[in-house]
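here you go, sequence then predicted model.
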Amino acid sequence: MSLHQYQYSGRNRSGQFVQGDLEGLSKQSVATELEARGIAPISIDENTASFDVLEYLKSIINIEKVKLEDSILFSRQMYALTKAGVPVLQALQGLADSIRCEPLVAAIREVIASLESGVNLATSLGQHPQVFRPIVVSMVHVGENTGKLDDAFLQVALHMELEWETKKRIQQTARYPLMVCSAIIMALVIINLSVIPQFAKIFARSKAELPIYTKILIHTSGFVVEYGWLLLSLVVLVTVFAIRYISTDRGRYRWDKFKIELPWIGGIIKRVMLARFSRVFAMLSGAGVPVLQSLSVVSQALGNQYVGGAIAEMHGGVERGDTLTRTAMATEMFSPLVIQMMGVGEATGQMDKMLVEVAEFYEQEVDYDLKRLNDWIEPILIIFMGLLVLILALGIFLPMWELGSVAGYQYG
């Protein structure tokens, strides 16, 4: 998630001076997050570094970035080491020597230095928000306070593994249509640049009256050949400006909202986000994290500012004294069945268990929607390819057949 980067300084619960970087929607959201971590902010300043398109593109394609698999491996190894009684410093030093992900290794070494200076583990991890997610920091904070650090790392690992499985299912569904669409685009480029111009020369020599389909194809191909460089430049400029706009708060919010409102796909993305909300909130609630802090963490852990904004509204409602169920209903994000289950959980004091059931409900819906979408994609692509072949047949091959018939008739 691309948010604004802020530099902060403050004092933790023990009065020690701390500073670092933190991503957030605004200074207020950063201040709220710091307070949730037990840090009293002294100053919060936005980083004003110039926007680097290449760096942004590298982050999109996961170059020099901590992947979800790396985070899962780190959490699993920390769980095994702490459960075996290995001191935290020794465990981190061992991982720093064995892990191959350079950004993660660099962050771990800085965490080690922070621990050696007397800062606790949760605060040390929180100084690297691009590597360690807010949910990791919150769970480690609970684990340190309860003496169950191994359980905290285990819960984080299990949560990220579920997220990884959902991500893989979505990628598997999208792989086939992306490959087919890429092949179609490449075929159209080759046809417009190489094939149609050759036929256009033949038609020009024949001086025959051409069908409207053929004229459209020839003019389109001529435009692509003559102004292809302009089209490519325009695509690059639009991409750069789109990336720059999405990197802003308003742009990211609108882009995330646009994805949610897409037909077919938007509903799946929304249910994935709500399943993630239910899982994370249930885990934090079950670990004893306060409701307000849990909502603050969840709003940043979703990876979607539109849904995260709705969760932030729930945070404000609960802070004003309203119930979690009514604030959830006010967002209009949840189905009536889910609202009812949340109400039962709130009334019985078993919100974490009910939210786990809510997450399972949404995950089942996501699985069903992905299968149904996969069943729809193949015939739609086949129809589209059939229409493409029909257009080419009407525009190119039909006139060629007519010319061949005329030439054969004259020769005879």
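Sure, I can see it.

pull out the buried residues from stretch 76-84.
Using 16 or more other CB atoms under 10 Å as the burial criterion, the residues of stretch 76-84 that qualify are 76-79, 81-82. Any C-beta I mention is one placed from the backbone N, CA and C, and that applies to glycine too.

now tell me what touches it from outside.
88, 90-92, 94-95, 149-150, 153-154, 157 (CB atoms under 8 Å, 6 or more residues apart in numbering).

I'd assumed Leu89 was in contact with Glu116.
Yes - Glu116 lies in contact with Leu89 (CB atoms under 8 Å); the separation is 7.2 Å.

of those two, which one has the most company?
The residue with more neighbours, out of Glu116 and Leu89, is Leu89; 13 against 10, by other CB atoms under 10 Å.

quick one: residues contacting that one.
By CB under 8 Å, 6+ apart, Leu89 lies in contact with 112, 115-116.

follow-up on the earlier one: let's see if you can find the most crowded of the contacts of stretch 76-84.
Result: Phe153 is most packed of those (other CB under 10 Å), 25 neighbours.

circling back: from the contacts of stretch 76-84, which ones fall inside helices?
Using DSSP state H, the subset of the contacts of stretch 76-84 located in helices is 88, 90-92, 94-95, 149-150, 153-154, 157.

reformat these as JSON lines; add distance to Phe199 and pLDDT.
As requested, those are exported to JSON lines (distance: CB to CB, whole Å; pLDDT from 0 to 100):
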{"residue": "Val88", "distance to Phe199": "71", "pLDDT": "89"}
{"residue": "Gln90", "distance to Phe199": "72", "pLDDT": "90"}
{"residue": "Ala91", "distance to Phe199": "68", "pLDDT": "90"}
{"residue": "Leu92", "distance to Phe199": "67", "pLDDT": "91"}
{"residue": "Gly94", "distance to Phe199": "67", "pLDDT": "89"}
{"residue": "Leu95", "distance to Phe199": "63", "pLDDT": "88"}
{"residue": "Leu149", "distance to Phe199": "71", "pLDDT": "86"}
{"residue": "Asp150", "distance to Phe199": "70", "pLDDT": "88"}
{"residue": "Phe153", "distance to Phe199": "65", "pLDDT": "89"}
{"residue": "Leu154", "distance to Phe199": "65", "pLDDT": "88"}
{"residue": "Ala157", "distance to Phe199": "60", "pLDDT": "88"}
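
phi, psi of Arg133?
phi -70, psi 160 (degrees, to the nearest 10).

centre of the chain to whichever strand or helix holds Arg372, how far?
Arg372 belongs to helix 351-392 when assigned by DSSP states H and E. Centroid separation for helix 351-392 versus its chain: 18 Å, with CA atoms, centre = their mean, to the nearest Å.

try stretch 152-163
From the chain centre to the centre of stretch 152-163 is a distance of 18 Å (CA atoms, centre = their mean).

ditto for stretch 233-250
17 Å.

then it to CSV, C-alphas only?
Taking Å, rounded to 0.1, in the frame of the first residue of the first chain, the C-alpha atoms of stretch 233-250 are listed here in CSV:
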residue,chain,number,x,y,z
SER,A,233,4.5,7.9,-25.7
LEU,A,234,1.0,8.7,-24.6
VAL,A,235,0.7,5.3,-22.9
VAL,A,236,3.9,5.9,-21.0
LEU,A,237,2.8,9.4,-20.0
VAL,A,238,-0.6,8.3,-18.8
THR,A,239,1.0,5.4,-16.8
VAL,A,240,3.5,7.8,-15.1
PHE,A,241,0.7,10.3,-14.2
ALA,A,242,-1.5,7.5,-13.0
ILE,A,243,1.2,6.1,-10.8
ARG,A,244,1.9,9.6,-9.5
TYR,A,245,-1.8,10.2,-8.8
ILE,A,246,-2.3,6.8,-7.1
SER,A,247,0.7,7.6,-4.8
THR,A,248,-1.3,10.5,-3.3
ASP,A,249,-3.9,10.0,-0.5
ARG,A,250,-6.9,11.0,-2.7
